[in-house]
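> 3D, please:
(chains A and B)
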Amino acid sequence: MPRPFELSDPKRARQLADVIASLAPSTPVKIVHVCGTHEMAITQHGLRRFLPKNVEILEGPGCPVCVTPTADIDAAVQIAEAGAILCTFGDMTRVPGTRLTLEQARSKGCDIRVVLSAAEASNIAKETDRAVVFFAVGFETTTPMTAAVLVNEPPANFSVLVSHKKIPEAMAVLLSMPGTNIHGYLAPGHVSTILGMAPYAKQLDLFKIPIVIGGFEPLDILYAIALILRQLRNGQGFVENGFPRGVADEGNITAQRLIARVFESTDVQWRGIGVIPDSGYRLREEFARFDARLRFHIEGKTGDERIPGCRCADVLTARATPADCPLFRARCTPLSPVGPCMVGSEGACSIWYRYGGRELP
Amino acid sequence: MTSNENRISPLHGAGGEMMSRLLAEHVLPHFAASQVGRIGLSAMDDGATIALPTAGELVMTTDSHVVKPIFFPGGDIGKLAAAGTLNDLAVMGARPLALSLAVIIEEDFPISDIDRIVESFAHTLIGSQTPLICGDTKVMGRGEIDGIVINTTGLGIANPAISDAGAVPGDVIIVTGSMGDHGMALLAAREEFHLETELKSDVDSIWPMIRTILPIGGIHAMKDPTRGGLAAALNEMSGKSGTTIELTQSAIPIRDEVQALSDLLGISPLEVANEGKAVLIVDPALADQILETLQKHPLGRHAAIIGIVGTKFPGRVVMTTPVGGRRFLDMPLGDPVPRIC
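Model (predicted):
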């Protein structure tokens, strides 16, 4: 029962590893990616083994569940407690809010449902007279899916708690934070399929560091890392498409228009980072009737993000690896997570816990 | 005939005439072989007897079965209950002597479904030449139980019994076929995913295959990778023996359609149940002979050597990935839920 191994061909991987070794400087290099799927691919395939010791690759704010601020979880709990059916993705139910997780709210009698898409939540609304709210998290990959539901006349009892975020804005902010020391970005393939290359250039041009869009197969990732190191060696720093198989330079124009029609940019809070200007979305006036925050009178209070002893904030800003946190594997495990990076299945801590970090020979 | 007569009523579990008829018409006819001692199933006594074997160890196992859907591609709860218990005996190295069957049914359950379930249970026992020697039927009210629950206890004889803790550094790891078929077939059959696939569960009794390798010897540990799949089974085997299991991922047989569904749902085929497979840890000197013997049996056609036993990370499973990287294969955390974002 052979599988096609072209994109995980061990011989080509070795060749790319040799190229990476020849391009890498002798000084430490920190490459950051911003995508749970990238971290999953890197650890599941054990790709860190192919990098020289001084080249490290870390997950920044790439797990949408992890960067969702406490205030948004609190809003979702408040909506559920008001009697609405609250629909969201599975991992969201376990992220701690100020008082409760959504899972705990469910055990107190709230109606919390796990869905796979905004469309599924809207379908639930068609079957009931009760208020149905979709807790919309995620980056540019899920935002157009929420928009698509809203432009197609969803039922009047359906509304959305918008918590969508924009990745390029966060990438830019990370660079100006103290202690991040980022030499290059591996940009996420699927987000870039929607965005294309322009938003990265717009946000990050001034920083003059390599930004290479990468796919998710082992060779895609090693290739993108090689391109980043080549730019560094040549003293360059520009946006490069290392995944032309999946990403058109201009992105998906239809999806971009859909997002622009339904949403406008606004300042939002990211767990571990703080408020980033224009890094999130709110519904435009035309769609405000679907805004769960208005329907349920949610005030924009800030929740408490601090968790004693937990280094999630440093992990989300690529200033620490999961193994640097004293709670990792000790008090913090996927079965009893302390911080959000251990909750989200795309969180760096949860992924390292399951598949291992750099300790494997 | 009214529709009620085609369905289970509380009287079917009350021990009276209705129950006798249910058993006489829908259960007993399936079990021709039902005696291994003086008193067997057809005697309908309070218990059955087994003539004591003269040598070896008696092995006893019990398992309760709940599955959703009850009828799934490749099998049903009846086949699952029989195979589950027979396989637990088989991976202990035990020839099955006899099984029991206890069924708890929800009121209003269709009797035609009972027929199908009992028939496939009986068919699976016949394939392993194992008699059913005692049983029990109970009926619970509507909503008090979800459809049907089956418990089976099995007795077997081993000489000697094989544990799951006997791995020794240098040993070779063998699986008897493709991994993840049962779990993925059931996930695909779940309504909420709206999937149409050709996937079938691998549920089957593996005793007819296992009996062909027992005479070779050299099996240090054996386990059926059911709930939690290969990942759970191997973590348990490395944990109990204090060894490291070192796998080569590309050597693990996985069907293309299982891999495709796994990629779609974000659930590893190594973390979901198999119901017709075994994982063996064997003496390296006998590994090839065991493998070739397995491959000669229809259930073991795709048997493969997938790794070796080492010492570097005691109690853990390390896997070399197809691309040449390394990662841990951990104990699965719980029921797999599709990755979402």
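> And residue A:147, how close does it get to chain B?
According to Cβ to the nearest Cβ, to the nearest Å, residue A:147 and chain B sit 16 Å apart. Using the backbone N, CA and C atoms, a C-beta is placed for each residue, glycine as well.
> For residue A:333, see how far away that residue is.
With the distance defined as Cβ to Cβ, to the nearest Å, residue A:147 ends up 37 Å from residue A:333.
> the more surrounded of those two?
Between residue A:147 and residue A:333, counting by other Cβ atoms under 10 Å in any protein chain shown, residue A:147 is the more crowded of the two (25 against 16).
> Tell me where the chain has strands.
All of this refers to chain A. In chain A, strands defined by DSSP state E lie at A:29-33, A:55-59, A:85-88, A:112-114, A:132-138, A:158-164, A:184-188, A:211-214, A:239-241, A:263-270, A:274-283, listed in chain order.
> Chain B was what I was after
With DSSP E, the ranges of strands along chain B come out as B:57-65, B:71-72, B:75-76, B:94-106, B:132-140, B:148-158, B:172-175, B:219-223, B:244-248, B:279-282, B:304-310, B:317-320, B:326-328.
> Among these, which comes closest to residue A:326?
strand B:326-328 (20.7 Å; Cβ to Cβ).
> for that closest one, packing partners?
Identification of packing neighbours for strand B:326-328 by 3 or more Cβ pairs under 8 Å, 6 or more residues apart in numbering or on different chains; DSSP states H and E yields helix A:348-355, strand B:317-320.
> And the ones you listed: which comes nearest residue B:286?
In terms of Cβ to Cβ, the element of those nearest to residue B:286 is strand B:317-320, at 22.7 Å.
> Please identify the pairing partners of that closest one and their relative orientation?
With DSSP bridges as the test, strand B:317-320 is paired with strand B:244-248 (parallel), strand B:326-328 (antiparallel).
> Using TSV, lay out those strands together with mean neighbour count and mean pLDDT.
What follows is those, written out as TSV (neighbours: other Cβ atoms under 10 Å in any protein chain shown; pLDDT from 0 to 100):
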stretch	mean neighbour count	mean pLDDT
strand B:244-248	22	97
strand B:326-328	22	95
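> Go through the ones you listed and name the closest to residue B:201.
strand B:244-248 (23.8 Å).
> quick one: the closest one to strand B:304-310, angle?
For strand B:244-248 against strand B:304-310, the angle by axes from the mean of the first three to the mean of the last three Cα atoms, to 10 degrees is 150 degrees.
> will you turn the strands of chain A into JSON lines that also has mean neighbour count?
Below are the strands of chain A laid out as JSON lines (neighbours: other Cβ atoms under 10 Å in any protein chain shown):
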{"stretch": "strand A:29-33", "mean neighbour count": "22"}
{"stretch": "strand A:55-59", "mean neighbour count": "23"}
{"stretch": "strand A:85-88", "mean neighbour count": "26"}
{"stretch": "strand A:112-114", "mean neighbour count": "18"}
{"stretch": "strand A:132-138", "mean neighbour count": "26"}
{"stretch": "strand A:158-164", "mean neighbour count": "26"}
{"stretch": "strand A:184-188", "mean neighbour count": "28"}
{"stretch": "strand A:211-214", "mean neighbour count": "27"}
{"stretch": "strand A:239-241", "mean neighbour count": "21"}
{"stretch": "strand A:263-270", "mean neighbour count": "18"}
{"stretch": "strand A:274-283", "mean neighbour count": "18"}
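> which one of those lies closest to chain B?
Judged by Cβ to the nearest Cβ, the one of the strands of chain A that comes nearest to chain B is strand A:132-138, at 5.0 Å.
> Just the angle for the closest one relative to strand A:274-283, thanks.
Using the same axes, to 10 degrees: strand A:132-138 against strand A:274-283 is 130 degrees.
> the longest helix in chain A is where?
Secondary structure of chain A read by DSSP state H shows that its longest helix is helix A:218-233.
> Could you check the angle that helix makes with strand A:184-188?
Going by the same axes, to 10 degrees, helix A:218-233 makes 150 degrees with strand A:184-188.
> Next, the buried residues of helix A:218-233.
Neighbour-count burial for helix A:218-233, counted by 16 or more other Cβ atoms under 10 Å in any protein chain shown, picks out A:218-232.
> now stretch A:148-160
Within stretch A:148-160, the residues that count as buried by 16+ other Cβ under 10 Å are A:148-150, A:154, A:157-160.
> likewise stretch A:350-359?
Buried residues in stretch A:350-359, defined by neighbour count with 16+ other Cβ under 10 Å: A:350-357.
> wait, which of the residues you listed is closest to residue A:141?
Using Cβ to Cβ, residue A:351 comes nearest to residue A:141 of the buried residues of stretch A:350-359, at 18.1 Å.
> Could you dump the strands of chain A into a markdown table and include distance to chain B?
Formatted as a markdown table, the strands of chain A follow (distance: least, Cβ to the nearest Cβ, whole Å):
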| stretch | distance to chain B |
| --- | --- |
| strand A:29-33 | 16 |
| strand A:55-59 | 13 |
| strand A:85-88 | 9 |
| strand A:112-114 | 8 |
| strand A:132-138 | 5 |
| strand A:158-164 | 11 |
| strand A:184-188 | 12 |
| strand A:211-214 | 15 |
| strand A:239-241 | 22 |
| strand A:263-270 | 16 |
| strand A:274-283 | 16 |
